[in-house]
Structures are given as C-alpha cells and as structure tokens.
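*Asks:* Sharing a model prediction with you, sequence too.
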Amino acid sequence: MAQVEIVNGIRLNSSLIDYNGGAGTSGQILSSTGDGVNWVSLTDISGVNGTGTQNYVAKWSDTDTITDSVIYDDGTNVGIGTASPTSLGSNITTLDIQGSSGGGLRFGTTGGVEGGIYTIGSGTYIGSISNVPLYITTNNSTKATILANGNVGIDNNSPSEKLEIGPNSSAGSQNKLRINYWDGVENISQLWVNGAGSIDVSFNTTTEGSFSIRGYDNSSFTTYAFWSGSSSTLGRMRLNQYGSGSFTGTATKMLAVTATGIVVEETLPTNSNTTYDLTVPASTTAIRLAGSDATNDDVTISGTTNETEVTRISATELRVGLPTDVTIAGTTTTNNIIYNTPTGTSTVYRGELVDFGGFEGSVSAGDLVVLRHTLGLPQWYQADYNSSVNATGMLGVYDGTDVLVRGYVQNSSFSFTTSGVPLYMGASGAISTSAPTGNGDFVRIIGYVADAANDRIYICPDNTWVEITA
C-alpha cells in the first residue's frame, strides 16, 4: 500500500474527497470504514446516536443514545425542570428547581437520616424528614433547635418546653427575649426578659397603652390585673377579684394605684353598697383603716369590728394604736397580740423574730444563740452557760434564717417529758431542763416547756442570772 508523508502541513483549496469520491456534508467526520476512509455522520458511528438541544446538559437515554436532560445551563443560572431559570437577585448565581406540583432538594445519609427543602402549592418547607432535630446554625455554630416533638430552643440544643431561650443552667451568657410593637413613628410597647433576670413590660404613656393579665374559659377572656398607661389614668393598677374584665366604675376594683395615692376597694358579695378602702392622703401624718360608715371609723379584721391607725410620731418612728379589740388569726384580744399554738408535727417557729446581724461559728437551726458585738458588727454565736457574755446578752433561737427572741418552737427532736418546767442555757447552743452546776457556770432561764407531749417550748429569756462560785 502506498503512503504519503506530509511534513510541513497541507492546504486544500477545494473539498477533501474521500475513498468513495464524496466531498462530505456539514457536520460529518472522516472515519475509517470497511472500504477506506470516508465522510460519515455521527449517527453512522457504531454505538453512538441521538441529538441534543443548545444549553441543555446531555444525558444517556439508553446505552448508546445521547439526548437532553432536565438540567438547563444558560451560562449564569441553572434550571432543573425549567429552561428559564430565575435568579434570586442581581449577580446571584441560582439553581432554580421547578415542577408541575413543586420543587425541592432532598438529602440524607445512607443510615436513613434525611432532610429537605421544598415548595408545593401550599407553601415552602424546610426541615428534617426523619425523626431527628432540625438545627439552624451561623458561623458554624448552632443557634436554634427544633426537636421532633415540636419544642423550640434558641441558644439551647435540648429545649424541654415549647419555647426555651438560653441554657437551662447557670452556665452560659445572659439571654434576652424582646417583643416590640412599632406604630411607624415610635416604639409603643415592649415585653422583654433581660439578662439581669427580670421581666419588664413598658408602654408609651402618651397613648392609650395598657398591660393586662387575663384568663380564658374557652368562650371569653376575663381580666384579673390591669395597668394603665393612658394620659388620663397614668400609672394606675387594678386587681379584679370577681373577674368582670371591664374595670368600669369602682365596684370591681380590688387595688388601684393612682397618681394621688393607693386605694383598695372591695365590693362585698352581701352588700353592693358598702366598700372599704385604704387611702394615703397627700397631707397627713397617719394611715387609717376607714370604713364607709360616716358615723365612725370602725373596720372589720377577721370578723371583728375595730378602729385602728398607724401614726407617724417622729421622723423615724411609727406608732400602731389598737384602742379596741383586734382579732388576729381568729382570736379576739384587747390591745394584745396572741401567738397561736403550733399544730401538727412539723418544725415551727412562731412569734417575734429579728433579722439583724450575721452568724459566726457552727450555728445550726434550733441552736440557742447570743448576740455579740464583733469587729464593729452585731454577730450571733452559739450560747453557752460557761461565759459571762451569755448571762447578760440578748438570747434567741436560730430558725435557719432569723432569730426567734420570743414565742413558740415546735420540734420533734425535743425529748422533754414534763410540761411547765423551766428551760436553761446548755453547752454549745443546747437548751436543757437541767440547770448547770459547775463552778463558774451561769444559770439563766430562757423559757419553759409548753407542751412536752407535742414537743413545744416557749422562748422568753429572763434577764436575771446566777453565777455559781465555789
């Protein structure tokens, strides 16, 4: 067979004739055939056939046929199911997925955890498809969580409530929830939980703003508390016992805080014409409980009619006057206060308690304590019969928070057997029915066994004492 070797190229000024004498047509290629090299079409090549459309990504429709896929590439945007992909905005390359009923992306793991984003006729959906949480992240960190049970957490990956903001422990940063209402000109009202642990409600007092607490009984709302921010009722607060919800008039007001004072008004169920109030006049030195009866100033406390007032008698002193009988906890007394005897078996401290001073040493609830002056400060220590400070100092029983200086103590740990016997200072905060007998000990009665059978004592420290000397 003869061969031609071309070294520096060849230029054809006319058609290239194939073995069979043909010049070929547009789009054909030279290919070796059974009888020489001839011009052939792509479809004539064994194993490949089909056609395509400009801008469509090709696909194999079978083992030897090329055709159009559903993916359309216009050079900027890509469409799936559309030949007119729409950009989300200027200079934003977009993947536009469309279908007759909607479009979406579905992704997951081989283990079955799946999620998706899709749009159908009723709206757009984003979330997990399998029974797993949905996490929303920014800066590669989870900021919001939706659990499979519907609980939502913000800065909380395991919310235990329908909405939980912030970590449910002391760790973590301070978190805030703030809800604003804006009328287009100014911020009218806000509801927010701040990082200091408080809940604030605010509203613009130049408009008819208000805040209310309401209940719903499946048919209507009832207002139980109401704060007004209107210019005519600035700063007023009303509490409603009977649930009228309207707060019109004075009959339903339990408490109103107005610009001129505090007014407590209650409509008695048996007599709608009688109200009681507590007023703070602008120019007075006394607060009086006053009834609506014009002939007297009697007021009923726990079922007993009384006249009582609190009067300021100096810049730092108040006097409580009880000119007639007063009922306290169901017992009527004449100018007296009665501490009711404890009931049940729980530990009870009932009487006069003081909350001043700190506590030093090993002080525990139930200890007899004495007040001392230490480093310029009042401090309570365990009382002890062998110290002269305990003989003259102020005594009381520590209840775990404050100090009972007069009144009842009920405690099942008491083992006293006889009622009416005196109680003495013991060692290291103890209370005993036996007086100390050692040389240098101080004998001081601090109370009495009130009811041995029910483990009750009455604390009333005596100011007299005896020192035992040899």
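*Replies:* The structure has been received and is ready for your questions. Keep in mind that what you see is a predicted model, and the values were worked out from it rather than measured.

*Asks:* So what sits opposite residue 425 in the bridge?
*Replies:* Beta-bridge pairing for residue 425 (DSSP bridges): residue 431.

*Asks:* Could I get the contacting residues of it?
*Replies:* The contact partners of residue 425, taken as C-beta atoms under 8 Å, 6 or more residues apart in numbering, are 368, 383-385, 390, 395, 431-432, 436, 442-444, 446. Yep, even glycine has a C-beta here, placed from its N, CA and C like the rest.

*Asks:* for residue 420, same thing?
*Replies:* Contacts of residue 420 (C-beta under 8 Å, 6+ apart): 448, 449.

*Asks:* all helices for this structure, in order.
*Replies:* Applying DSSP state H to the chain gives helices spanning 388-392.

*Asks:* Could you list the low-confidence segments of it?
*Replies:* Scanning the chain for pLDDT under 70 picks out 1-2, 42-48, 168-177, 179-181, 183-217, 221-340.

*Asks:* Domain-wise, how is it divided?
*Replies:* For the chain, automatic domain parsing gives the domain ranges 133-175, 210-324, 348-467.

*Asks:* returning to what we had before: could you export the contacts of residue 425 as JSON lines, including distance to residue 163?
*Replies:* Shown next, in JSON lines, are these (distance: C-beta to C-beta, whole Å):
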{"residue": "368", "distance to residue 163": "51"}
{"residue": "383", "distance to residue 163": "53"}
{"residue": "384", "distance to residue 163": "56"}
{"residue": "385", "distance to residue 163": "60"}
{"residue": "390", "distance to residue 163": "57"}
{"residue": "395", "distance to residue 163": "53"}
{"residue": "431", "distance to residue 163": "52"}
{"residue": "432", "distance to residue 163": "58"}
{"residue": "436", "distance to residue 163": "63"}
{"residue": "442", "distance to residue 163": "63"}
{"residue": "443", "distance to residue 163": "65"}
{"residue": "444", "distance to residue 163": "60"}
{"residue": "446", "distance to residue 163": "55"}
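
*Asks:* Bridged to the closest residue in space to residue 24 that isn't next to it in sequence, which residues?
*Replies:* Closest residue to residue 24 apart from its sequence neighbours, by C-beta to C-beta, 6 or more residues apart in numbering: residue 39 at 3.0 Å. Residues in a beta bridge with residue 39, per DSSP bridges, are residue 30.

*Asks:* Could you pull up the residues touching residue 39?
*Replies:* 18, 22, 23, 24, 25, 28, 29, 30.

*Asks:* Please list only the buried members of those.
*Replies:* 18, 24, 28 (16 or more other C-beta atoms under 10 Å).

*Asks:* Please verify my assumption that the first one contacts residue 31.
*Replies:* Which is residue 18. No. At 9.4 Å, residue 18 does not count as touching residue 31 under the criterion of C-beta atoms under 8 Å.

*Asks:* I'd like the contacts of residue 39 as JSON lines, with distance to residue 182 appended.
*Replies:* Formatted as JSON lines, these follow (distance: C-beta to C-beta, whole Å):
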{"residue": "18", "distance to residue 182": "81"}
{"residue": "22", "distance to residue 182": "80"}
{"residue": "23", "distance to residue 182": "79"}
{"residue": "24", "distance to residue 182": "75"}
{"residue": "25", "distance to residue 182": "72"}
{"residue": "28", "distance to residue 182": "72"}
{"residue": "29", "distance to residue 182": "70"}
{"residue": "30", "distance to residue 182": "75"}
